[in-house]
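# predicted model and sequence follow; I will ask about them next.
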Protein chains: 2
Amino acid sequence: MAEKLTSREQDYSQWYNEIVQGAGLAENSGVRGCMVIKPYGYAIWEKMQAELDRMFKETGHENAYFPLFIPKSYLSKEADHVDGFAKECAVVTHYRLKNAEDGKGVVVDPNAKLEEELIIRPTSETIIWDTYRKWIQSYRDLPILVNQWANVVRWEMRTRLFLRTAEFLWQEGHTAHATKKEAISETEQMINIYAEFAQDFMAMPVIIGLKSEKERFAGAEKTYCIEALMQDGKALQAGTSHFLGQNFAKAFDVKFATKEGKQEYVWATSWGVSTRLMGALVMSHSDDHGLVLPPKLAPYQVVIVPIYKGDDQLEQVSKVALAVKESLELKGISVKFDNRDTHKPGWKFAEYELKGVPLRLALGLRDLENGTIEVSRRDTLDKETYDIADIDNKVEQLLDKIQENLYKKALAFRDSRTSRADSKEEFIKLIEDGGFVYAHWDGTSETEELIKKQTKATIRCIPLDTEQESGVCLFTGNPSNMRVLFAKNY
Amino acid sequence: MAEKLTSREQDYSQWYNEIVQGAGLAENSGVRGCMVIKPYGYAIWEKMQAELDRMFKETGHENAYFPLFIPKSYLSKEADHVDGFAKECAVVTHYRLKNAEDGKGVVVDPNAKLEEELIIRPTSETIIWDTYRKWIQSYRDLPILVNQWANVVRWEMRTRLFLRTAEFLWQEGHTAHATKKEAISETEQMINIYAEFAQDFMAMPVIIGLKSEKERFAGAEKTYCIEALMQDGKALQAGTSHFLGQNFAKAFDVKFATKEGKQEYVWATSWGVSTRLMGALVMSHSDDHGLVLPPKLAPYQVVIVPIYKGDDQLEQVSKVALAVKESLELKGISVKFDNRDTHKPGWKFAEYELKGVPLRLALGLRDLENGTIEVSRRDTLDKETYDIADIDNKVEQLLDKIQENLYKKALAFRDSRTSRADSKEEFIKLIEDGGFVYAHWDGTSETEELIKKQTKATIRCIPLDTEQESGVCLFTGNPSNMRVLFAKNY
């Protein structure tokens, strides 16, 4: 608690790790690449889940649950899909252990080898479309609008808490439609929901766009994404929504009888966000003092710290503090009253700063005499004393202000780091400085690859709101009719 | 829809499978022993989760998330624990696939063998106590009251939807305490919460008791359980809460400094319920017409079916139906209005009967003229016509009645199938007939084993409310000072 955080300027990556661990969000486990999500971090994830789940249900989706295991042969059925996922799979080969012959511990029982290996799902298109074949016969069975909250595993070699872990938590929506048009409209609806969630709840501005062919999901015809800019000038892909065409329907032979009685393949979408959003949240708002949380996702929005000497004073202060807590809770505000006598107020102040609690209320004897209470905003670090009689309304207003301010600040930061490059040199310089760069590109994967090699920048997306504009590709001189969005990325 | 269910009397097990699949709760997947939980089934599970999660949080617990994988060596650290779980483990041995040399599909890459195999968690004591070692230094860090919602895998050879599946969903609470007394009191608190949930929400009476040594959780010093009686006279263990003593603290070296500065091992509990509860719910109340759901866990408590000919009539009826729906929703009642024109009312009636919707409202033109509405109770299959003006209050009362009635009915059934046996012959006969049997037992695992071999009955529990009573063991003649609860079981 007493130790100062590494600053962003000193070492951004170290700063991130210190916040994630110091604020009690997550830590590395004894299992390579797998994290433990700690209670405070998980409480934020639960808030994210609740809002997203509500938004999914309001748009007609239902939850279901599909197996963790995917038979190896399923993965091979869609050619691009297996190429994309086979290289980072956890593979189950046996189903039993037995006592070691030397009496030390247990070993894999060679007699318990599976006939067909099982893959821990890296994503569930294959097992789900194998199931949908049984659910879909006629147009009356469509659409299917299903979501799943689950854990998935991708065997990443270089992992970072929340941003890239071997196991992570996510939701994956998988929908089935009678027409291409309906499926595309679902794909777009879901990326818009993600954008709305990012902006309204995470206070994180995002750019909606399409991935280039190279960055597309393995098995998709179109991948929509939302891209956010972190404080170190690197982009983070925060959610994707895929139009899968009829690829999985064909791979798993899922056809339906149309109204006219014809047999046609079903159209598919899938879409997901993951605990990666936790990393994005940390990096969007936090400062050198610790985590900064938007009120709408904070496990508790307000903490009340009593200032006192001795039990008598604590009792007096507690009475008023608990009344304040109650009046705030009546307004739907979540409050923690920290009356622990094992820690001093100064220690608590530092702890809640590190944990990013939006508002800290401090209450002492003098406040009781004056009918006041001291309020500190985590986002601006401003401190002010307010009339205690009206504190519930004041706090309500302040929480709204903080939510709004965080978004504005993040947007202003992004704007300050978004540029247009009109020459290769300018592009290289801007990318090196960090930030979003709009530039012309000739539309080929080869050039995209070349740019990545030379500058480490990737095409984050082809923004949906991009206007047509004639130009030439900065790296090949070939013609281009619009700018796309480049950045280095997480 | 048109086909009749197999009756309970004809084939109980077939009846169960037909309800689970016919009502859209779950189905088998392409992966051996793993089920797909379908949207209607998952919606019930979500209701269960919400209530349990609320009860856990009200008693001070927080959620967190620990890795899916458990290094093989962790499992070996607690001797009983590994004995209990090693024989049914899914083992990850590799982390990559590669293209097969014959060009057909993918194969496990032999160069990607893990140094240490990873077990898919069958339960998480080991990985969690490995983590707690880092969280606990002093008495100030205690208690830790953490719960996890997760999937687990136990490689069962004979599986049945919900009741016994290789992968299942559950919650597992893992708490750490400074004193034995506090840990035991936590263990008891949690089994009481499970009992309360079973009775108040599932409308399922349960007996709370302690497991015999033989049936105890692998690694526990005491296992509390709740036991319910299914309609075929077999018992089902619906939840367990374990006092783990210092076993895991010792295995993972988790000590804390007491207030007095001494180093002591931490005391532990763990407790869980799973999607098995879904099976218990189905078997507690359903009848030969299909599923019967208690209102408190029904995805929708009321369905309104319009009776009409032609679009004009549908429009007239819909107007009133939607007003009824709104008035019910204002009371917090969940309602589905089924205005599909692809199915006849009779078909819909049968469907909602099969799906166990507590109340069905039917509304036709004649009702509109008379200001009435027809209400059918799923539990009794009674039909009555009520004044539509007061229908919201009526429905509210009826839902309460149904919830109560289901519990009473289940309790009466259990009472009718609960007996005391005072001779071996009587015991054998009663067990054969099915039901709970209270009998004297000499307290040894050998006798318990013998009884199981001869009768298939196991000791379900030593009920907490059992009174001391002198007697002799029915199978050995040795002295006994109380009766314990026997039954055949799931």
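Arrived safely. Numbering: from 1, shown residues only, chains lettered A, B, ... in the order given.
# let me know the secondary structure of residue A:48.
Remark: residue A:48 carries the secondary structure label helix [criterion: DSSP: H, G, I helix; E, B strand; the rest coil].
# what separation do you get for the residue positioned nearest the centre of chain A and residue A:51?
Here the mean C-alpha position of chain A is nearest to the C-alpha of residue A:277 (Cα atoms, centre = their mean), at a distance of 1.5 Å. Note on residue A:277: its distance to residue A:51, by Cβ to Cβ, to the nearest Å, is 11 Å. C-beta coordinates here come from the backbone N, C-alpha and C atoms, glycine included.
# what's the answer for residue A:482, then?
Distance from residue A:482 to residue A:51, counting by Cβ to Cβ: 34 Å.
# what does residue A:255 give?
Applying Cβ to Cβ, the value for residue A:255 to residue A:51 is 36 Å.
# over to residue A:292?
The spacing between residue A:292 and residue A:51, counted by Cβ to Cβ, is 19 Å.
# more neighbours: which of those two?
Taking other Cβ atoms under 10 Å in any protein chain shown, residue A:292 and residue A:51 do not tie; residue A:292 has more neighbours (26 against 17).
# what about the more buried one, which SS state?
Once three-state DSSP is applied, residue A:292 turns out coil.
# for the lengthiest helix in chain A, packing partners?
In terms of residue count, the longest helix belonging to chain A (DSSP state H) is helix A:391-416. In terms of contact count using 3 or more Cβ pairs under 8 Å, 6 or more residues apart in numbering or on different chains; DSSP states H and E, helix A:391-416 is assigned the packing partners strand A:222-229, helix A:276-285, helix A:310-330, strand A:359-363, strand A:372-377.
# for chain B, what is the nearest residue in the stretch 151-300 of chain A?
Residue nearest to chain B within the stretch 151-300 of chain A: residue A:155 (4.3 Å; Cβ to the nearest Cβ).
# where do the helices of the stretch 1-150 of chain A begin and end?
A:12-22, A:39-58, A:72-75, A:79-85, A:125-135 (DSSP state H, counting those that start in this stretch).
# now the shortest one: buried residues?
When neighbours are counted by 16 or more other Cβ atoms under 10 Å in any protein chain shown, the buried residues of helix A:72-75 are found to be A:72, A:74, A:75.
# would you mind listing what in the stretch 201-350 of chain A touches chain B?
With Cβ under 8 Å from any Cβ of the partner chain as the criterion, the stretch 201-350 of chain A meets chain B at residues residue A:342.
# ramachandran coordinates for the residue in the stretch 201-350 of chain A that chain B sits nearest to?
Using Cβ to the nearest Cβ, the closest approach of the stretch 201-350 of chain A to chain B is made by residue A:342 at 5.8 Å. Dihedral angles of residue A:342 (phi, psi; degrees, to the nearest 10) stand at phi -90, psi -10.
# look up how far residue B:449 lies from it.
The spacing between residue A:342 and residue B:449, counted by Cβ to Cβ, is 51 Å.
# C-alpha coordinates for stretch A:294-313, PDB please?
What follows is the C-alpha trace of stretch A:294-313 in PDB, where atoms were taken according to Å, rounded to 0.1, in the frame of the first residue of the first chain:
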ATOM      1  CA  PRO A 294     -16.300   4.500 -14.200                       C
ATOM      2  CA  PRO A 295     -19.100   4.600 -11.600                       C
ATOM      3  CA  LYS A 296     -21.400   2.400 -13.700                       C
ATOM      4  CA  LEU A 297     -18.900  -0.600 -13.400                       C
ATOM      5  CA  ALA A 298     -17.400   0.100  -9.900                       C
ATOM      6  CA  PRO A 299     -18.100  -2.700  -7.400                       C
ATOM      7  CA  TYR A 300     -18.900   0.100  -4.900                       C
ATOM      8  CA  GLN A 301     -19.300   3.600  -6.200                       C
ATOM      9  CA  VAL A 302     -18.700   5.300  -2.800                       C
ATOM     10  CA  VAL A 303     -16.500   4.500   0.200                       C
ATOM     11  CA  ILE A 304     -17.000   6.300   3.500                       C
ATOM     12  CA  VAL A 305     -14.000   6.500   5.700                       C
ATOM     13  CA  PRO A 306     -14.500   7.600   9.300                       C
ATOM     14  CA  ILE A 307     -11.900   9.900  10.900                       C
ATOM     15  CA  TYR A 308     -11.800   9.400  14.700                       C
ATOM     16  CA  LYS A 309      -9.800   8.800  17.800                       C
ATOM     17  CA  GLY A 310     -11.100   6.200  20.200                       C
ATOM     18  CA  ASP A 311     -14.300   4.200  20.300                       C
ATOM     19  CA  ASP A 312     -16.500   7.000  21.500                       C
ATOM     20  CA  GLN A 313     -15.700   9.100  18.500                       C
END
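# lowest-pLDDT helix or strand in chain A?
Of all the helices and strands that make up chain A, the one with the lowest confidence by mean pLDDT, DSSP states H and E is helix A:79-85; it has a mean of 85.
# and that one, anywhere near chain B?
Yes. In this structure, helix A:79-85 sits against chain B according to Cβ under 8 Å from any Cβ; the contacting residues are residue A:82.
# for that helix, buried residues please.
Using 16+ other Cβ under 10 Å as the burial criterion, the residues of helix A:79-85 that qualify are A:81, A:82, A:84, A:85.
# got the buried residues of helix A:72-75 as TSV, with distance to residue B:26 and pLDDT columns?
Supplementary listing: the buried residues of helix A:72-75 in TSV, determined by distance: Cβ to Cβ, whole Å; pLDDT from 0 to 100:
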residue	distance to residue B:26	pLDDT
A:72	24	94
A:74	20	95
A:75	24	90
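# restrict the residues you listed to contacts with chain B.
Of the residues in the buried residues of helix A:72-75, proximity to chain B by Cβ under 8 Å from any Cβ holds for A:72, A:74, A:75.
# so who does the closest residue in space to residue A:418 that isn't next to it in sequence touch?
Spatially, and ignoring its direct neighbours in sequence, residue A:418 is nearest to residue A:436 (4.3 Å; Cβ to Cβ, 6 or more residues apart in numbering or on different chains). Contact partners of residue A:436, counting by Cβ atoms under 8 Å, 6 or more residues apart in numbering or on different chains, are A:207, A:227, A:229, A:235, A:414, A:417, A:418, A:419, A:460, A:485, A:486, A:487.
# neighbours of the last one, just the number please.
Neighbour count of residue A:487, defined by other Cβ under 10 Å: 27.
# and it, bridged to which residues?
Listed beta-bridge partners, residue A:487: residue A:458 (assigned using DSSP bridges).
# where's it relative to chain B, distance?
Taking Cβ to the nearest Cβ, to the nearest Å as the measure, residue A:487 and chain B are separated by 30 Å.
# in this structure that residue contacts residue A:457, no?
Yes. Contact criterion Cβ atoms under 8 Å: residue A:487 and residue A:457 qualify, at 6.1 Å.
# which neighbours do those two share?
Where contact means Cβ under 8 Å, 6+ apart, the residues bridging residue A:487 and residue A:457 through contact with each are A:431, A:437.
# mind checking the SS state of residue A:336?
Assigned state for residue A:336: strand (three-state reduction, three-state DSSP).
# state the helix or strand in which the closest residue to chain B within the stretch 351-490 of chain A lies.
Shortest the stretch 351-490 of chain A-to-chain B distance, computed as Cβ to the nearest Cβ: residue-wise this is residue A:351, at 13.4 Å. Taking DSSP states H and E as the definition, residue A:351 sits inside helix A:345-354.
# quick check: buried residues in stretch A:220-235?
Of the residues in stretch A:220-235, those buried under the neighbour-count criterion (16+ other Cβ under 10 Å) are A:220-235.
# same question, stretch A:145-161
Within stretch A:145-161, judged by 16+ other Cβ under 10 Å, the buried ones are A:145-156, A:159-161.
# fine by me, we can end here.
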